[in-house]
Structure formats: C-alpha cells, structure tokens
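Undergrad: Please find the sequence and the predicted model below.
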Amino acid sequence: MARAAAVSPTTVSHALNNRGYVDPRTREKVRRTAQELGYRPNVRAQRLRAGSAQTVGLVASMPTSIAAGPSKLGFFMEVAASAAETALMHGFAMILVPPLETQLELGQFDIDGAVVVEPEENDPATTRLRALGVPVVSLGRQPGAESEIPYIDLHSHETGELLLNHLHGQGSRKIALMIGSGLRHSYIDVAAAYSDFVSAHGLESIVIRLDEHEGEAGGYRAALALLESHPDVDGICALVDAFAVGVVRGLQEKGRKVPEDVRVVTRYNGLRAQTCKPALTAVNLNLGTAADLAVNLLLEHREGNTSRHVVSGPPQELVERASSVIP
C-alpha cells in the first residue's frame, strides 16, 4: 500500500489509524488507495497493539434451574439488553457468559472487564475473573467482598419490606419466607427484613431455605411440606420466582385458593410472575437502569477512576397482581 500511494509505511499507519501528523491531502490519498486495494484492518492485531479488546462480559451466576426455564434467562436477559446498549455507547461490545455449570472456561473470553449478576459469596466466576486480572463490578453486592468489588446496591432489604408489608396489608398474619440456601445479597437482606418484620408485628417466624438447583420443583415440594407443618399459613413470600410458581402449584393441588386462602408474592417481576396463574405480585427492580449504572461503574474503574465504589440502584416499585389481592 505504501508503494501504491508513494509514501512510507509509517505514513500509511499514521494515516489509517489517525496517529501523528499527516498532511490532510496525503491522508486522503492513503485512504483512497486502501479502498482501491480492498484493504481491511486486522482487528486481532489492532487489539494486541492497543492492549484492549473493546469488549466487556456479562456473567450469570445463577443456576440454569432458576435462570432459564420458561423465563429463558429472563432476569439475566433483562439486564443484558440495557447493559449491551450502554456498552455500545462507550464503544464496547458485550458478550454474555451463561451459568458456569455449562463448563465454559472464562479465560477463553477476550474481555476488558465484567459485570457479574448477583454473585454469591465465594462465587467461582468472580474469583476466576479476578485471578485473570479482569476488572469486575457486581450487580448487587457480593457478600464477603464488599470492600473489594465495586457494586450496584439493589436495596434488597427494602424489597423485602415492600413484599412483607403488602402481605400484611392484605390481611396475612402467618407469613412464611422462602429463600435460596446460598449466600446471595438478596437472600441475606430479605431474611434480615423478615426478622425485623415478624419481631415488630409479633408474628411467628417461618423461614424455608431451598437449594436453587431445585427450581420450581423445590417450591412445589416446600409448599406441600409447609402445609403439613403449618396448615394455617396465609401468606408466602417466595423470593425466587421459580420457587413461587412451584408454590402456587402445590397450594392449588392441596385445594388452597390463591389469594383467598394463601397470598403469594415474589421478588422479580419477570415472565414467570406475569404468566403464572394467578399472576404473581412482584417488584419492578428497574433492572435496565441498574444495568446502565453497572456498566458505567465498570468502565470508570477500568480507566483508573475508583472514586465510586458503591452506587445506589434505582427505586423499586411493587406490582400488585391477583396472587395476593383479593377481589
């Protein structure tokens, strides 16, 4: 190309990459020559030279049993839609990394940073990414790593208060809490909100912890066991939407009407909540806004601006539906 344009290779490089000073007429001549010769830059070579892939990753930490199913990775994909748009606005592409139970090796992905969605304490994806030297931000804090990993605060304690106060306001007086057995911020914070709630109202504490991998089947099984041990239960806060759908099925199988006999609520206002029969009261977490905040925080830290470690997430809104509101 340098021979065709009658200039030096250095001038060609500067002209095509907007580096150094090149006379505008020469720059135009080089670009016209490149077009005539059908030149296309080698993106991989450019990445090696710049030390950047201009790509960030979005990593799911939840098992497929609750992240997929009828929701088709609903929570994760709702985050992904906004996160990808924000990344593109900053000149970055985004790749989606599915749950690690698929046995993918994170080291094979060429990324400049990652947003991990609601990681557990000792989350393997976060641990691996940090070992690779990849900047990480978590959507929802990672328990045990609050001082090390910047995060978006999703206000899960307030989410628990919204759901529990709603059940109480609808007349429930024997309310069970059903959460995952892992150490995610949402489980920890809502369990704390529940403890405060039952203490303040003088109610019995009924906490059920399920393995996330059980998904809807776990919620169904737990509902049957709950009715055996507490037949007068009249409210269930099943934090995971997959659990909640299973709970409704179990209640209906035992002849309990929802919401007349037992009111049921869940956290995530996704496809499962909307299509359950009856539809589930849930919380609009404003995940699109939270995802935008996460990507911006990640890029700030990648560029060396670490002034913000915790960013407050968006406000949340209760979406009342037929599972908890008696007509």
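TA: Thanks, I have the structure now.
Undergrad: Let me know whether residue 276 touches residue 246 as I believe.
TA: No. Counting by C-beta atoms under 8 Å, residue 276 stays clear of residue 246, with 10.0 Å between them. Quick note: C-beta positions are derived from backbone N, CA and C, even for glycine.
Undergrad: residues bridging contact with these two, i.e. touching both?
TA: Listed as contacting both residue 276 and residue 246 by C-beta atoms under 8 Å, 6 or more residues apart in numbering is no residue at all.
Undergrad: is it true that residue 214 touches residue 221?
TA: Yes. Contact criterion C-beta under 8 Å: residue 214 and residue 221 qualify, at 7.3 Å.
Undergrad: ok, these two, which is more surrounded?
TA: The neighbour comparison of residue 214 against residue 221 (other C-beta atoms under 10 Å) goes to residue 214, with 21 against 15.
Undergrad: Please parse the protein into its domains.
TA: Using automatic domain parsing, the domain ranges for the chain come out as 2-41, 55-154+286-315, 156-284.
Undergrad: which one of the ones you listed lies closest to residue 322?
TA: Each of these was scored for nearness to residue 322 using C-beta to C-beta, and the closest is domain 156-284 (3.7 Å).
Undergrad: Do me a favour and get the end-to-end distance for that closest one?
TA: Start-to-end span of domain 156-284 (C-alpha to C-alpha, to the nearest Å) is 12 Å.
Undergrad: So the closest residue to residue 253 other than its chain neighbours, which state does it fall into?
TA: Computed as C-beta to C-beta, 6 or more residues apart in numbering, the closest residue to residue 253 that is not its neighbour in sequence is residue 224, at 7.6 Å. Three-state call for residue 224 (DSSP: H, G, I helix; E, B strand; the rest coil): helix.
Undergrad: Surely residue 224 touches residue 252?
TA: No. The pair residue 224 and residue 252 fails to qualify as a contact (C-beta under 8 Å) at a distance of 11.3 Å.
Undergrad: Which other helices and strands does the strand or helix carrying residue 158 contact?
TA: Following DSSP states H and E, one finds residue 158 within helix 156-169. Here helix 156-169 touches strand 175-180, helix 185-201, strand 235-238, strand 263-268, strand 281-284, strand 317-319, going by 3 or more C-beta pairs under 8 Å, 6 or more residues apart in numbering; DSSP states H and E.
Undergrad: for these, which one sits closest to residue 38?
TA: If you check each of those against residue 38 by C-beta to C-beta, strand 263-268 wins as the nearest, at 50.0 Å.
Undergrad: Flag every buried residue along whichever helix or strand comes after the closest one.
TA: Next helix or strand after strand 263-268 toward the C-terminus (DSSP H and E): helix 271-275. Buried residues in helix 271-275, counted by 16 or more other C-beta atoms under 10 Å: 271-273.
Undergrad: One more: stretch 273-288?
TA: So, applying 16+ other C-beta under 10 Å, buried residues of stretch 273-288: 273, 276, 278-283, 285-288.
Undergrad: now for the residues you listed, which pair is the farthest apart?
TA: Greatest spatial distance among the buried residues of stretch 273-288 (C-beta to C-beta): 278 and 288, at 26.3 Å.
Undergrad: From the buried residues of stretch 273-288, pick the one nearest residue 311.
TA: Set against residue 311, the nearest of the buried residues of stretch 273-288 by C-beta to C-beta is residue 286 (13.4 Å).
Undergrad: where's that closest one relative to residue 210, distance?
TA: Counting by C-beta to C-beta, to the nearest Å, the gap from residue 286 to residue 210 is 26 Å.
Undergrad: pLDDT score for residue 183?
TA: Per-residue confidence (pLDDT) for residue 183: 94.
Undergrad: Wait, it touches residue 120, no?
TA: Yes. If you go by C-beta under 8 Å, residue 183 and residue 120 touch, sitting 5.3 Å apart.
Undergrad: so what's in contact with these two at the same time?
TA: With C-beta under 8 Å, 6+ apart as the test, residue 183 and residue 120 both reach residue 143.
Undergrad: Regarding residue 152, which helix or strand does it belong to?
TA: strand 151-153.
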